[in-house]
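Q: following is a predicted model, sequence given first.
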Amino acid sequence: MRQWYLIYDDYCDICNLGVEKVIKLDKAKLIKLVPLSNPQVPPNIKLPTKEEMQKQMYLISPDGVTFKGADALAQILTIFPVSKLLGMIVSFPMFRPLARLAYAIVAKNRMKLSKLIS
């Protein structure tokens, strides 16, 4: 099986909410969840620095391609048939800057936002 790796901040309630959605979508277990508190991946997978990983989520493809932030979210959406169209729309060049901006705002304020949902 070709494995994807999703690195996320497991101390962030917003991030954990997103991971719960991934778990529901990922019936075939294509994505291995890698919490930032214990980032264990095979030795051939090159991880970003801890500082980089604290700023946004990272998705590493089976081929070793790394996606981050909104690009990682768009790629995750394209993996699953039920969300593939949405992922393609978010990836479309016309929408990508807006998706990146929205992701950056949420990522920068994720701890404040987490307090609102917990």
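A: Everything's here; your move.
Q: where does pLDDT dip in this structure?
A: Applying pLDDT under 70 to the chain flags residues 1.
Q: now the terminal residues of stretch 64-72, how far apart.
A: The straight-line separation of the ends of stretch 64-72 (C-alpha to C-alpha, to the nearest Å) is 13 Å.
Q: contacts for it?
A: The contact list for stretch 64-72 (C-beta atoms under 8 Å, 6 or more residues apart in numbering) reads 6, 44-46, 48, 52, 56-61, 74-75, 90-91, 96, 99-100, 102-104, 107. In this view, the C-beta of every residue, glycine as well, is placed from N, C-alpha and C.
Q: for PyMOL, what selects the buried ones among those residues?
A: To isolate the buried members of these in PyMOL, using 16 or more other C-beta atoms under 10 Å:
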select buried, resi 6+45+48+56+57+58+59+60+74+75+90+91+99+100+103+107
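Q: just the ones of the contacts of stretch 64-72 in strands?
A: If you go by DSSP state E, the contacts of stretch 64-72 have L6, Y58, L59, I60 in strands.
Q: so what's V34 bridging to?
A: Per DSSP bridges, the residues bridged to V34 are I7.
Q: begin at 816 from here
A: All right, first residue 816 from here; so that's V849.
Q: can you give me every residue that contacts it?
A: When contacts are counted by C-beta under 8 Å, 6+ apart, V849 touches Y820, L821, I822, Y823, Q855, V856.
Q: of these, buried ones?
A: Judged by 16+ other C-beta under 10 Å, buried ones among these: Y820, L821, I822, Y823.
Q: out of those residues, the closest to L900 would be?
A: Of all those, L821 has the smallest distance to L900: 20.5 Å, by C-beta to C-beta.
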